[in-house]
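*Asks:* what follows is a predicted protein model with its sequence.
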Amino acid sequence: MTATTPTCEQHPYSPDVHRMEVGGREILLVGTAHVSRESADLVRQVIENERPDCVCIELDQKRYEALAKRKRWEILDLKEIIRTQQLATLLINMVLASYQKRLGDQLGVPPGTELLEAARVAEAHRIPIALCDRDVRITMRRAWHSTSFFRKNYLLATLIASMFESTEISEEGLRTMKESDVLSELMRELGTALPEIKQVLIDERDTYLAEMIKEAKGDRIVAVVGAGHVAGLKRALLEDRSGQLAAITAIPPASPVWKIAGWSIPLAILASLGYIAWAKGPAAAGDNALFWILATGTPCAIGAMLALAHPLTILGAFVAAPFTTLSPLIGVGHVTAFSQVMLRPPLVMELERVLDDMASFGGWWKNRLLRVFLAFMLPSFGGMIGTWIGGARILSNLF
(Lines give C-alpha, C1' and ligand atoms only; values in the text may rest on other atoms or scores of the structure.)
Protein backbone atom coordinates (compact mmCIF):
# COMPACT_ATOMS: atom_id res chain seq x y z
CA MET A 1 0.00 0.00 0.00
CA THR A 2 1.34 3.40 -0.88
CA ALA A 3 0.33 6.50 1.04
CA THR A 4 1.06 10.14 0.63
CA THR A 5 -0.04 13.26 2.45
CA PRO A 6 -0.51 16.26 0.15
CA THR A 7 0.94 19.45 1.56
CA CYS A 8 -0.08 21.98 -1.08
CA GLU A 9 -3.74 21.13 -1.73
CA GLN A 10 -6.12 23.90 -0.64
CA HIS A 11 -9.64 23.45 0.73
CA PRO A 12 -12.13 25.97 2.11
CA TYR A 13 -12.08 24.68 5.67
CA SER A 14 -10.35 25.61 8.90
CA PRO A 15 -6.96 24.13 9.88
CA ASP A 16 -8.89 21.50 11.86
CA VAL A 17 -9.55 19.62 8.59
CA HIS A 18 -6.68 17.51 7.28
CA ARG A 19 -6.90 16.05 3.77
CA MET A 20 -4.84 12.92 3.12
CA GLU A 21 -4.40 10.36 0.35
CA VAL A 22 -3.99 6.80 1.58
CA GLY A 23 -3.63 3.97 -0.90
CA GLY A 24 -5.36 5.93 -3.62
CA ARG A 25 -8.26 6.88 -1.33
CA GLU A 26 -9.02 10.36 -0.05
CA ILE A 27 -9.50 10.76 3.71
CA LEU A 28 -10.50 13.98 5.43
CA LEU A 29 -9.74 14.04 9.15
CA VAL A 30 -11.92 16.55 11.00
CA GLY A 31 -10.43 17.33 14.41
CA THR A 32 -13.03 18.46 16.93
CA ALA A 33 -13.58 19.48 20.53
CA HIS A 34 -16.34 17.34 22.02
CA VAL A 35 -18.22 20.28 23.58
CA SER A 36 -17.90 22.84 20.80
CA ARG A 37 -20.72 24.28 18.69
CA GLU A 38 -18.08 25.47 16.23
CA SER A 39 -16.93 21.86 15.76
CA ALA A 40 -20.50 20.70 15.12
CA ASP A 41 -20.92 23.39 12.47
CA LEU A 42 -17.62 22.43 10.84
CA VAL A 43 -18.59 18.76 10.72
CA ARG A 44 -21.88 19.60 9.02
CA GLN A 45 -20.14 21.85 6.49
CA VAL A 46 -17.52 19.27 5.53
CA ILE A 47 -19.98 16.38 5.10
CA GLU A 48 -22.49 18.44 3.11
CA ASN A 49 -19.77 19.86 0.84
CA GLU A 50 -17.82 16.65 0.30
CA ARG A 51 -20.69 14.10 0.16
CA PRO A 52 -18.20 11.28 0.95
CA ASP A 53 -18.78 7.57 0.42
CA CYS A 54 -18.64 6.96 4.17
CA VAL A 55 -18.51 8.99 7.41
CA CYS A 56 -16.32 7.50 10.15
CA ILE A 57 -17.08 8.61 13.71
CA GLU A 58 -15.00 8.32 16.88
CA LEU A 59 -17.68 6.33 18.71
CA ASP A 60 -18.30 2.70 19.55
CA GLN A 61 -21.79 1.17 19.48
CA LYS A 62 -22.40 1.61 23.22
CA ARG A 63 -21.41 5.27 23.31
CA TYR A 64 -23.36 6.00 20.14
CA GLU A 65 -26.53 4.50 21.59
CA ALA A 66 -26.02 6.39 24.84
CA LEU A 67 -25.65 9.71 23.02
CA ALA A 68 -28.37 9.11 20.46
CA LYS A 69 -30.99 7.77 22.88
CA ARG A 70 -29.98 9.89 25.88
CA LYS A 71 -30.34 6.83 28.12
CA ARG A 72 -26.77 6.45 29.18
CA TRP A 73 -27.37 5.84 32.87
CA GLU A 74 -30.91 4.46 32.75
CA ILE A 75 -29.72 1.28 31.02
CA LEU A 76 -26.96 0.53 33.52
CA ASP A 77 -27.01 -3.01 34.87
CA LEU A 78 -25.47 -2.18 38.24
CA LYS A 79 -25.67 -5.72 39.56
CA GLU A 80 -23.68 -7.03 36.59
CA ILE A 81 -21.14 -4.20 36.93
CA ILE A 82 -20.62 -5.05 40.61
CA ARG A 83 -20.45 -8.78 39.87
CA THR A 84 -17.67 -8.22 37.33
CA GLN A 85 -15.93 -5.78 39.71
CA GLN A 86 -16.10 -2.84 37.30
CA LEU A 87 -17.40 -0.18 39.69
CA ALA A 88 -14.10 1.71 39.80
CA THR A 89 -13.92 1.71 36.00
CA LEU A 90 -17.49 3.02 35.77
CA LEU A 91 -16.70 5.73 38.30
CA ILE A 92 -13.78 7.03 36.22
CA ASN A 93 -15.96 7.02 33.12
CA MET A 94 -18.67 8.97 34.94
CA VAL A 95 -16.20 11.53 36.31
CA LEU A 96 -14.86 12.20 32.82
CA ALA A 97 -18.42 12.50 31.50
CA SER A 98 -19.28 14.92 34.32
CA TYR A 99 -16.30 17.12 33.43
CA GLN A 100 -17.33 17.24 29.77
CA LYS A 101 -20.92 18.00 30.73
CA ARG A 102 -19.87 20.97 32.85
CA LEU A 103 -17.92 22.39 29.92
CA GLY A 104 -20.87 21.74 27.64
CA ASP A 105 -23.32 23.42 30.04
CA GLN A 106 -21.23 26.59 29.97
CA LEU A 107 -21.28 26.66 26.18
CA GLY A 108 -24.83 25.38 25.75
CA VAL A 109 -23.54 22.35 23.84
CA PRO A 110 -24.08 18.79 25.15
CA PRO A 111 -20.95 16.57 25.05
CA GLY A 112 -20.60 14.68 21.79
CA THR A 113 -22.77 17.12 19.83
CA GLU A 114 -20.40 17.15 16.86
CA LEU A 115 -20.33 13.33 16.73
CA LEU A 116 -24.11 13.14 16.72
CA GLU A 117 -24.20 15.92 14.14
CA ALA A 118 -21.94 13.85 11.88
CA ALA A 119 -24.35 10.93 12.17
CA ARG A 120 -27.43 13.09 11.56
CA VAL A 121 -26.02 14.81 8.49
CA ALA A 122 -24.77 11.51 7.05
CA GLU A 123 -28.16 9.87 7.55
CA ALA A 124 -29.94 12.87 6.03
CA HIS A 125 -27.86 12.45 2.86
CA ARG A 126 -28.02 8.64 2.97
CA ILE A 127 -24.28 8.32 3.52
CA PRO A 128 -23.14 5.14 5.31
CA ILE A 129 -21.78 5.58 8.85
CA ALA A 130 -18.91 3.61 10.39
CA LEU A 131 -18.48 3.63 14.19
CA CYS A 132 -14.71 3.28 14.38
CA ASP A 133 -13.75 3.54 18.04
CA ARG A 134 -12.79 0.62 20.25
CA ASP A 135 -15.44 -0.60 22.70
CA VAL A 136 -15.25 1.81 25.63
CA ARG A 137 -15.47 -1.08 28.11
CA ILE A 138 -12.30 -2.61 26.66
CA THR A 139 -10.55 0.76 26.73
CA MET A 140 -11.41 1.42 30.38
CA ARG A 141 -10.54 -2.10 31.51
CA ARG A 142 -7.21 -2.03 29.69
CA ALA A 143 -6.45 1.36 31.23
CA TRP A 144 -7.32 0.06 34.70
CA HIS A 145 -5.28 -3.15 34.28
CA SER A 146 -2.26 -1.25 32.96
CA THR A 147 -2.10 1.14 35.91
CA SER A 148 -0.25 0.34 39.12
CA PHE A 149 -2.06 0.23 42.48
CA PHE A 150 -0.62 3.55 43.63
CA ARG A 151 -1.33 5.26 40.31
CA LYS A 152 -4.90 3.96 40.44
CA ASN A 153 -5.41 5.67 43.79
CA TYR A 154 -3.70 8.83 42.58
CA LEU A 155 -5.83 8.89 39.44
CA LEU A 156 -9.08 8.32 41.35
CA ALA A 157 -8.22 11.02 43.90
CA THR A 158 -7.27 13.51 41.18
CA LEU A 159 -10.41 12.84 39.15
CA ILE A 160 -12.73 13.08 42.15
CA ALA A 161 -11.09 16.32 43.30
CA SER A 162 -11.47 17.77 39.80
CA MET A 163 -15.25 17.37 39.99
CA PHE A 164 -15.51 20.09 42.63
CA GLU A 165 -13.33 22.59 40.77
CA SER A 166 -15.04 25.38 38.86
CA THR A 167 -14.04 25.22 35.20
CA GLU A 168 -14.58 28.23 32.99
CA ILE A 169 -13.76 27.96 29.31
CA SER A 170 -14.92 29.84 26.23
CA GLU A 171 -15.18 28.89 22.59
CA GLU A 172 -11.96 30.82 22.09
CA GLY A 173 -10.36 28.66 24.76
CA LEU A 174 -11.54 25.53 23.00
CA ARG A 175 -10.17 26.84 19.73
CA THR A 176 -6.79 27.31 21.40
CA MET A 177 -6.92 23.80 22.89
CA LYS A 178 -7.46 22.32 19.44
CA GLU A 179 -4.26 23.81 18.05
CA SER A 180 -1.86 21.01 17.25
CA ASP A 181 1.11 22.40 19.17
CA VAL A 182 -0.94 22.80 22.36
CA LEU A 183 -2.34 19.28 22.08
CA SER A 184 1.08 17.84 21.34
CA GLU A 185 2.35 19.41 24.54
CA LEU A 186 -0.62 18.02 26.49
CA MET A 187 0.03 14.55 25.10
CA ARG A 188 3.68 14.79 26.07
CA GLU A 189 2.74 15.84 29.61
CA LEU A 190 0.23 12.99 29.89
CA GLY A 191 2.81 10.53 28.62
CA THR A 192 5.30 11.70 31.24
CA ALA A 193 2.90 11.72 34.19
CA LEU A 194 0.82 8.64 33.33
CA PRO A 195 2.47 6.79 30.43
CA GLU A 196 0.29 3.68 30.87
CA ILE A 197 -2.91 5.72 30.62
CA LYS A 198 -1.73 7.62 27.54
CA GLN A 199 -0.73 4.37 25.86
CA VAL A 200 -4.23 2.93 26.28
CA LEU A 201 -6.43 6.02 25.91
CA ILE A 202 -4.55 7.71 23.07
CA ASP A 203 -1.93 5.60 21.30
CA GLU A 204 -3.85 2.32 21.13
CA ARG A 205 -7.02 4.07 20.04
CA ASP A 206 -5.08 5.94 17.33
CA THR A 207 -4.08 2.55 15.94
CA TYR A 208 -7.59 1.11 16.26
CA LEU A 209 -9.27 4.16 14.71
CA ALA A 210 -6.81 4.22 11.83
CA GLU A 211 -7.36 0.57 10.95
CA MET A 212 -11.15 0.91 11.17
CA ILE A 213 -11.06 4.02 8.96
CA LYS A 214 -9.01 2.12 6.39
CA GLU A 215 -11.60 -0.68 6.47
CA ALA A 216 -14.45 1.75 5.69
CA LYS A 217 -15.98 1.30 2.24
CA GLY A 218 -15.55 3.90 -0.46
CA ASP A 219 -12.87 6.03 -2.05
CA ARG A 220 -13.70 9.27 -0.22
CA ILE A 221 -13.94 9.16 3.57
CA VAL A 222 -14.69 11.84 6.15
CA ALA A 223 -13.48 10.87 9.65
CA VAL A 224 -14.72 12.90 12.63
CA VAL A 225 -12.39 12.48 15.62
CA GLY A 226 -11.30 14.38 18.70
CA ALA A 227 -8.52 16.83 17.94
CA GLY A 228 -6.20 14.99 20.34
CA HIS A 229 -6.17 12.00 17.98
CA VAL A 230 -5.34 13.85 14.75
CA ALA A 231 -1.54 13.85 15.04
CA GLY A 232 -1.41 10.15 15.92
CA LEU A 233 -3.93 9.23 13.24
CA LYS A 234 -1.96 10.99 10.54
CA ARG A 235 0.96 8.71 11.37
CA ALA A 236 -1.08 5.55 11.90
CA LEU A 237 -2.98 5.90 8.62
CA LEU A 238 0.30 5.78 6.72
CA GLU A 239 1.36 2.50 8.36
CA ASP A 240 0.00 -1.03 8.41
CA ARG A 241 -0.86 -1.73 12.04
CA SER A 242 -3.50 -4.38 11.44
CA GLY A 243 -1.32 -6.95 13.21
CA GLN A 244 -1.73 -5.00 16.47
CA LEU A 245 -5.53 -5.19 16.60
CA ALA A 246 -5.75 -8.54 18.39
CA ALA A 247 -3.43 -7.35 21.16
CA ILE A 248 -5.12 -3.98 21.76
CA THR A 249 -8.64 -5.44 21.88
CA ALA A 250 -7.80 -8.09 24.51
CA ILE A 251 -8.26 -7.70 28.26
CA PRO A 252 -4.88 -8.43 29.86
CA PRO A 253 -4.96 -11.05 32.64
CA ALA A 254 -4.14 -10.03 36.17
CA SER A 255 -0.46 -10.10 37.01
CA PRO A 256 0.62 -13.26 38.90
CA VAL A 257 2.43 -10.93 41.30
CA TRP A 258 -0.91 -9.49 42.40
CA LYS A 259 -2.37 -12.98 42.76
CA ILE A 260 0.52 -14.00 44.99
CA ALA A 261 0.28 -10.77 46.99
CA GLY A 262 -3.49 -11.12 47.27
CA TRP A 263 -3.24 -14.58 48.80
CA SER A 264 -0.13 -13.92 50.92
CA ILE A 265 -1.88 -11.70 53.48
CA PRO A 266 -4.82 -14.02 54.26
CA LEU A 267 -2.54 -17.07 54.31
CA ALA A 268 -0.18 -15.28 56.69
CA ILE A 269 -3.09 -14.35 59.00
CA LEU A 270 -4.55 -17.86 58.99
CA ALA A 271 -1.14 -19.45 59.47
CA SER A 272 -0.45 -17.09 62.37
CA LEU A 273 -3.74 -17.98 64.05
CA GLY A 274 -2.90 -21.67 63.62
CA TYR A 275 0.54 -21.19 65.14
CA ILE A 276 -0.89 -19.23 68.08
CA ALA A 277 -3.41 -22.01 68.72
CA TRP A 278 -0.59 -24.58 68.71
CA ALA A 279 1.90 -22.54 70.75
CA LYS A 280 -0.37 -20.66 73.17
CA GLY A 281 -3.61 -22.58 73.13
CA PRO A 282 -7.06 -22.30 71.55
CA ALA A 283 -8.13 -19.50 73.92
CA ALA A 284 -5.31 -17.23 72.73
CA ALA A 285 -6.16 -18.03 69.10
CA GLY A 286 -9.82 -17.27 69.82
CA ASP A 287 -8.91 -13.90 71.35
CA ASN A 288 -6.87 -13.00 68.25
CA ALA A 289 -9.64 -14.17 65.93
CA LEU A 290 -12.13 -12.00 67.83
CA PHE A 291 -9.77 -9.05 67.54
CA TRP A 292 -9.57 -9.67 63.77
CA ILE A 293 -13.36 -9.67 63.50
CA LEU A 294 -13.66 -6.41 65.42
CA ALA A 295 -10.66 -4.76 63.75
CA THR A 296 -11.95 -5.44 60.23
CA GLY A 297 -15.71 -5.30 60.78
CA THR A 298 -15.84 -2.06 62.77
CA PRO A 299 -14.12 0.31 60.30
CA CYS A 300 -16.05 -1.28 57.40
CA ALA A 301 -19.33 -0.71 59.22
CA ILE A 302 -18.28 2.86 60.03
CA GLY A 303 -17.51 3.39 56.35
CA ALA A 304 -20.98 2.16 55.41
CA MET A 305 -22.50 4.45 58.05
CA LEU A 306 -20.59 7.44 56.63
CA ALA A 307 -22.03 6.53 53.22
CA LEU A 308 -25.52 6.69 54.81
CA ALA A 309 -26.06 3.18 53.56
CA HIS A 310 -29.11 1.08 54.40
CA PRO A 311 -28.98 -0.37 57.95
CA LEU A 312 -28.78 -3.89 56.53
CA THR A 313 -25.86 -2.80 54.34
CA ILE A 314 -24.08 -1.51 57.46
CA LEU A 315 -24.72 -4.82 59.21
CA GLY A 316 -23.57 -6.67 56.09
CA ALA A 317 -20.32 -4.67 56.09
CA PHE A 318 -19.54 -5.77 59.64
CA VAL A 319 -20.38 -9.42 58.96
CA ALA A 320 -18.65 -9.66 55.58
CA ALA A 321 -15.45 -7.78 56.42
CA PRO A 322 -13.66 -10.49 58.44
CA PHE A 323 -14.15 -12.97 55.57
CA THR A 324 -13.69 -10.74 52.51
CA THR A 325 -10.46 -9.30 53.93
CA LEU A 326 -9.16 -12.87 53.89
CA SER A 327 -10.14 -13.43 50.26
CA PRO A 328 -8.60 -11.73 47.20
CA LEU A 329 -11.55 -12.88 45.09
CA ILE A 330 -14.05 -10.33 46.37
CA GLY A 331 -13.78 -7.17 48.45
CA VAL A 332 -16.10 -5.97 51.17
CA GLY A 333 -16.92 -2.93 49.01
CA HIS A 334 -18.45 -5.14 46.34
CA VAL A 335 -20.62 -6.85 48.96
CA THR A 336 -21.84 -3.55 50.42
CA ALA A 337 -22.39 -1.97 46.98
CA PHE A 338 -24.47 -4.96 45.86
CA SER A 339 -26.46 -4.86 49.08
CA GLN A 340 -27.10 -1.14 48.66
CA VAL A 341 -28.31 -1.61 45.06
CA MET A 342 -30.71 -4.34 46.15
CA LEU A 343 -32.04 -2.47 49.18
CA ARG A 344 -32.14 1.07 47.77
CA PRO A 345 -32.00 0.91 43.96
CA PRO A 346 -31.44 4.26 42.19
CA LEU A 347 -34.53 6.00 40.84
CA VAL A 348 -34.79 6.93 37.16
CA MET A 349 -34.79 10.65 37.98
CA GLU A 350 -31.57 10.17 39.99
CA LEU A 351 -29.92 8.36 37.08
CA GLU A 352 -30.84 11.24 34.78
CA ARG A 353 -29.27 13.91 37.00
CA VAL A 354 -26.27 11.90 38.23
CA LEU A 355 -23.69 13.96 36.31
CA ASP A 356 -25.01 17.16 37.86
CA ASP A 357 -25.09 15.68 41.36
CA MET A 358 -21.48 14.51 41.02
CA ALA A 359 -20.32 18.13 40.90
CA SER A 360 -21.58 18.92 44.42
CA PHE A 361 -20.35 17.39 47.66
CA GLY A 362 -23.84 16.90 49.07
CA GLY A 363 -25.07 15.41 45.81
CA TRP A 364 -23.07 12.23 46.50
CA TRP A 365 -25.31 11.48 49.50
CA LYS A 366 -28.57 12.64 47.92
CA ASN A 367 -28.26 10.59 44.71
CA ARG A 368 -28.78 6.85 45.26
CA LEU A 369 -26.47 5.86 42.41
CA LEU A 370 -23.65 7.94 43.84
CA ARG A 371 -24.40 6.54 47.29
CA VAL A 372 -23.74 3.09 45.84
CA PHE A 373 -20.22 4.31 45.00
CA LEU A 374 -19.83 5.67 48.54
CA ALA A 375 -21.04 2.32 49.88
CA PHE A 376 -18.30 0.73 47.76
CA MET A 377 -15.40 3.10 48.49
CA LEU A 378 -15.79 3.92 52.20
CA PRO A 379 -16.17 0.32 53.48
CA SER A 380 -13.30 -0.71 51.18
CA PHE A 381 -11.12 1.96 52.78
CA GLY A 382 -12.24 0.76 56.21
CA GLY A 383 -11.33 -2.79 55.23
CA MET A 384 -7.79 -1.69 54.32
CA ILE A 385 -7.38 0.01 57.71
CA GLY A 386 -8.80 -2.98 59.58
CA THR A 387 -6.55 -5.45 57.74
CA TRP A 388 -3.42 -3.58 58.75
CA ILE A 389 -4.55 -3.12 62.37
CA GLY A 390 -5.75 -6.70 62.80
CA GLY A 391 -2.81 -8.17 60.94
CA ALA A 392 -0.25 -6.21 62.95
CA ARG A 393 -1.83 -7.34 66.24
CA ILE A 394 -1.92 -11.01 65.27
CA LEU A 395 1.61 -11.06 63.89
CA SER A 396 2.92 -9.30 66.99
CA ASN A 397 1.45 -12.08 69.15
CA LEU A 398 3.62 -14.66 67.40
CA PHE A 399 6.59 -13.54 69.47
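*Replies:* Great, that's in hand.
*Asks:* which secondary structure elements does the host helix or strand of residue 263 contact?
*Replies:* With secondary structure defined by DSSP states H and E, residue 263 is part of helix 256-280. When contacts are defined as 3 or more C-beta pairs under 8 Å, 6 or more residues apart in numbering; DSSP states H and E, helix 256-280 packs onto helix 282-306, helix 368-396. (Glycine included, C-beta is placed from N, CA and C.)
*Asks:* report the rounded mean pLDDT for that helix.
*Replies:* In this model, helix 256-280 carries a mean pLDDT of 82.
*Asks:* so, low pLDDT: which residues of the stretch 1-150 of the chain?
*Replies:* Applying pLDDT under 70 to the stretch 1-150 of the chain picks out residues 1-11, 34-35, 69-77, 85-86, 88-89, 92-111, 148-150.
*Asks:* ranges for the strands of it?
*Replies:* For the stretch 1-150 of the chain, the strands defined by DSSP state E, counting those that start in this stretch cover 3-4, 17-22, 25-32, 54-57, 129-131.
*Asks:* turn the ones you listed into JSON lines, including distance to residue 304 and mean neighbour count.
*Replies:* Shown next, in JSON lines, are the strands of the stretch 1-150 of the chain (distance: least, C-beta to C-beta, whole Å; neighbours: other C-beta atoms under 10 Å):
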{"stretch": "strand 3-4", "distance to residue 304": "58", "mean neighbour count": "14"}
{"stretch": "strand 17-22", "distance to residue 304": "52", "mean neighbour count": "18"}
{"stretch": "strand 25-32", "distance to residue 304": "43", "mean neighbour count": "24"}
{"stretch": "strand 54-57", "distance to residue 304": "42", "mean neighbour count": "26"}
{"stretch": "strand 129-131", "distance to residue 304": "40", "mean neighbour count": "17"}
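*Asks:* nearest to residue 256 among these would be which one?
*Replies:* Closest approach to residue 256 among those is made by strand 129-131 (35.9 Å; C-beta to C-beta).
*Asks:* tell me how far that closest one lies from the chain's centre.
*Replies:* With C-alpha atoms, centre = their mean, to the nearest Å as the basis, strand 129-131 stands 22 Å off its chain's centre.
*Asks:* partner strands of that strand, with direction?
*Replies:* strand 54-57 (parallel) (DSSP bridges).
*Asks:* of all the helices and strands packed on helix 256-280, which one comes closest to residue 63?
*Replies:* The minimum distance between residue 63 and the helices and strands packed on helix 256-280 falls on helix 368-396, with 19.0 Å, by C-beta to C-beta.
*Asks:* and that closest one, what's buried?
*Replies:* For helix 368-396, a neighbour-count test (16 or more other C-beta atoms under 10 Å) marks 368-387, 389-391, 394 as buried.
*Asks:* and if you look at stretch 325-340?
*Replies:* Judged by neighbour count (16+ other C-beta under 10 Å), stretch 325-340 contains these buried residues: 325-326, 328, 331-340.
*Asks:* ok so, going back, nearest to residue 200, out of the strands of the stretch 1-150 of the chain?
*Replies:* Closest to residue 200 of these, according to C-beta to C-beta: strand 129-131, at 19.3 Å.
*Asks:* which residues sit against that closest one?
*Replies:* If you take C-beta atoms under 8 Å, 6 or more residues apart in numbering as the criterion, strand 129-131 is touched by 54-57, 59-61, 64, 118-119, 122-123, 212-213, 215-216.
*Asks:* same check on stretch 331-345?
*Replies:* Residues outside stretch 331-345 that contact it (C-beta under 8 Å, 6+ apart): 78-79, 82-83, 85, 87, 300, 304, 307, 309-310, 312-313, 316-317, 320-321, 324-325, 368, 371-373, 375-377, 379-380, 382-383.
*Asks:* try it again at 7 Å.
*Replies:* The contact list for stretch 331-345 (C-beta atoms under 7 Å, 6 or more residues apart in numbering) reads 78-79, 82, 85, 87, 300, 304, 309-310, 312-313, 316-317, 320-321, 324-325, 368, 371-372, 375-377, 379-380, 383.
*Asks:* want to throw the helices and strands packed on helix 256-280 into a markdown table with distance to residue 37?
*Replies:* Listed next are those as a markdown table, based on distance: least, C-beta to C-beta, whole Å:
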| stretch | distance to residue 37 |
| --- | --- |
| helix 282-306 | 42 |
| helix 368-396 | 30 |
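*Asks:* please, which helix or strand holds the spatially closest residue to residue 118 that is not a sequence neighbour?
*Replies:* Excluding the flanking residues, the one nearest residue 118 by C-beta to C-beta, 6 or more residues apart in numbering is residue 224, at 4.3 Å. Assigned by DSSP H and E, residue 224 belongs to strand 220-226.
*Asks:* run the chain-centre distance for that strand.
*Replies:* Relative to its chain's centre, strand 220-226 lies at 24 Å (C-alpha atoms, centre = their mean).
*Asks:* would you map out the domains in this structure?
*Replies:* Dividing the chain into domains by automatic domain parsing, as the record does, gives the ranges 3-248, 256-396.
*Asks:* looking at the ones you listed, which one is packed in the most?
*Replies:* domain 256-396 (a mean of 19; mean count of other C-beta atoms under 10 Å).
*Asks:* end-to-end on that one?
*Replies:* Distance between the boundary residues of domain 256-396 (C-alpha to C-alpha, to the nearest Å) amounts to 28 Å.
*Asks:* and if you look at stretch 243-252?
*Replies:* Taking C-alpha to C-alpha as the measure, stretch 243-252 stretches 17 Å from start to finish.
*Asks:* what sits up against it?
*Replies:* Contacts to stretch 243-252, defined as C-beta under 7 Å, 6+ apart, come from residues 134, 138, 141-142, 145, 204, 207-208, 211.
*Asks:* stretch 214-224: end-to-end distance?
*Replies:* One end of stretch 214-224 sits 14 Å from the other (C-alpha to C-alpha).
*Asks:* average pLDDT for that stretch?
*Replies:* Averaging pLDDT along stretch 214-224 yields 95.
*Asks:* run through who's touching it.
*Replies:* Taking C-beta under 7 Å, 6+ apart as the rule, stretch 214-224 contacts 22, 25-30, 32, 43, 46-47, 50, 52-58, 114-115, 118, 128, 130, 213, 237.
*Asks:* and if you look at stretch 360-376?
*Replies:* With contacts defined as C-beta under 7 Å, 6+ apart, stretch 360-376 is touched by 78, 87, 91, 164, 304, 307-309, 313, 333-334, 336-337, 340-341, 344, 346-347, 350-351, 354, 357-358.
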